[in-house]
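Participant: pasted the sequence and its predicted model underneath.
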Amino acid sequence: MSDAAPGPQSRAQWARVLIAIYGPTLLASIGFGAIIPLIPLQATALGASPGVAAFITAIPGIGMLIFDLPAGTIAARLGERLSIVLACLLDAAIMVCVYLAGSITVLGLAVFIHGMTGSIFQLARQTYVTDAIPLKYRARGMSSLGGVFRIGSFIGPLAVSALISGGEIRNAFVFASCTSLVAAAVTMLLPKLSADRAQQVNAAGERPHTFKVLADHRHSLLTVGMGCMALMMLRTARQTIIPLWGEANGLPPHTVSLLYAVSMGFEVLLFFPGGMIMDRFGRWWVCVPTTFLLGIGLALLPVTHSAGSIAILAAILGMGNGISSGIVLTLGADAAPRFGRSQFLAGWRVLSDSGQFLGPMVISAATALSGLGAASVVIGALGVLGGGWLAKWVPRTPDQIADFRPKD
């Protein structure tokens, strides 16, 4: 795509690309957002302790982490459209299994597969956007992708709050199944798009091999990639601990879902300004302040006890997370080579998804030892350390992004 102002034909091409990127993402994220705050509550409804419930919440992250590298191969070989359709159809079936789950074991297995489908969906999306959006608009494109996900994550809990206020928590999983089916149907109606239009063969006629690609670009992965892992740990910890903290303070499930929707609402307001800041001033000025804000905010959670105070802190965390929408995707795209792009981004997702796994795991362990309040302080302190790491390694200005990108 050219950086020039689009003509009528270009605008039609852009419209097709934007619908292909954002339409299925919105639909799938509505269902995803609906169930995220309710997974720990469904676990406790099946008899799990708070520590076990936090572990159940970590299981989708484990599924994503294990399947990240295979997802890169799948997205490159099958193409974006077919990868998304298969992921959505499988996810729809899994949500029905969660609805029918009568034990913690069945619930855990179902949400594990849910994480695997999410890995395919998100890897295919990121790979395509990396190639389809020009560099000068990349952060806005990625932040909009994250913003659409946040819009869906705002609509989902809001809709489900009304749904479960007069019924069972598990009804939310039927709702999520329906949104995945609609996302699959919409994707099938779109033109076929390549999951990765980057180089498939290098000058020597070789095809990219995952572990060689990761070894060749290990510096980016072990510096900025590790910082992104810390940021994702904070984000997932927030999703886990706020519902559990609300329940521990006596709030009913529909109020907990509403509080989560409030947090997501503030995220939706700031995703595009965050992308503009990243494109104009540099990635550093978004990711570093956000990481510090999330870390400090989570450390302050134990001083909140009423619905109002929890809602205020959730809103602050939502604002901090919203302005950094798409930052992990953007930094991954900045660091990705053309040759072996899908394989590199799969490795990048291993690091970011490791953070998604570690957040609930740290909460689970710290909760078992000292309670939810202590867990929140621990995860907040780790987040502050992650902010310092990112401050050292992330390029500060747009001019430095070119130096950060690998030479093919």
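Facilitator: Nice, thanks for sending it over. Numbers count the residues shown, from 1 in each chain.
Participant: how about the nearest residue to Ile56, chain neighbours excluded?
Facilitator: In space, and not counting its chain neighbours, Ile56 is closest to Ala43: 4.2 Å by CB to CB, 6 or more residues apart in numbering. All C-beta spots, glycine's among them, are computed from the backbone N, C-alpha and C.
Participant: what's the answer for Val328, then?
Facilitator: Nearest one to Val328, counting by CB to CB, 6+ apart, is Cys228 at 4.7 Å.
Participant: that neighbour: helix or strand, and which one exactly?
Facilitator: In this assignment (DSSP states H and E), Cys228 forms part of helix 224-248.
Participant: ok so, going back, contacting residues around the residue nearest to Ile56?
Facilitator: If a contact means CB atoms under 8 Å, 6 or more residues apart in numbering, then Ala43 has 52-53, 56-57, 104, 107 as its contacts.
Participant: what residues sit buried inside the strand or helix carrying Ile74?
Facilitator: Element membership of Ile74 [criterion: DSSP H and E] is helix 50-78. Within helix 50-78, the residues scored as buried using 16 or more other CB atoms under 10 Å are 50-69, 71-72, 74-76, 78.
Participant: quick one: low-confidence parts of the stretch 301-408 of the chain?
Facilitator: Within the stretch 301-408 of the chain, the segments meeting pLDDT under 70 span 402-408.
Participant: now with 90, please.
Facilitator: For the stretch 301-408 of the chain, the stretches with pLDDT under 90 are 305-308, 310-312, 314-316, 318-326, 333-334, 336-345, 352-373, 395-408.
Participant: now swap in the stretch 101-250 of the chain and tell me
Facilitator: Those would be 101-106, 115, 118, 120-174, 185-214, 216-217, 235-250, if you go by pLDDT under 90 across the stretch 101-250 of the chain.
Participant: so what does Pro208 look like in phi/psi?
Facilitator: phi -70, psi 140 (degrees, to the nearest 10).
Participant: what about the closest residue to it other than its chain neighbours, how many residues nearby?
Facilitator: Excluding its sequence neighbours, the residue lying closest to Pro208 (CB to CB, 6+ apart) is Gly340, at 3.3 Å. Neighbour count of Gly340, defined by other CB atoms under 10 Å: 30.
Participant: wait, isn't Gly340 in contact with Ala215?
Facilitator: No - applying CB atoms under 8 Å, one finds Gly340 not in contact with Ala215, separated by 10.8 Å.
Participant: C-terminal to the stretch of helix or strand Ala183 belongs to, what's the next element?
Facilitator: Assigned by DSSP H and E, Ala183 belongs to helix 171-189. Once the chain leaves helix 171-189, the next helix or strand it forms, by DSSP H and E, is helix 210-216.
Participant: name the element Gln343 belongs to?
Facilitator: helix 341-370.
Participant: CA atoms only for the helix or strand just after that helix - export them in CSV, please.
Facilitator: Using DSSP H and E, the helix or strand that follows helix 341-370 in sequence is helix 372-393. In CSV, the C-alpha atoms belonging to helix 372-393 read as follows (Å, rounded to 0.1, in the frame of the first residue of the first chain):
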residue,chain,number,x,y,z
LEU,A,372,-5.2,-11.4,47.0
GLY,A,373,-4.0,-8.0,48.4
ALA,A,374,-0.4,-9.2,48.6
ALA,A,375,-0.7,-10.7,45.1
SER,A,376,-1.7,-7.4,43.7
VAL,A,377,1.3,-5.7,45.4
VAL,A,378,3.7,-8.3,44.1
ILE,A,379,2.5,-8.1,40.5
GLY,A,380,2.6,-4.3,40.6
ALA,A,381,6.2,-4.3,41.8
LEU,A,382,7.2,-6.7,38.9
GLY,A,383,5.4,-4.3,36.5
VAL,A,384,7.5,-1.3,37.7
LEU,A,385,10.7,-3.4,37.1
GLY,A,386,9.4,-4.1,33.6
GLY,A,387,8.8,-0.4,32.9
GLY,A,388,12.5,0.2,33.7
TRP,A,389,13.6,-2.5,31.3
LEU,A,390,11.5,-1.1,28.5
ALA,A,391,12.8,2.4,29.2
LYS,A,392,16.3,1.1,28.4
TRP,A,393,15.6,-0.8,25.2
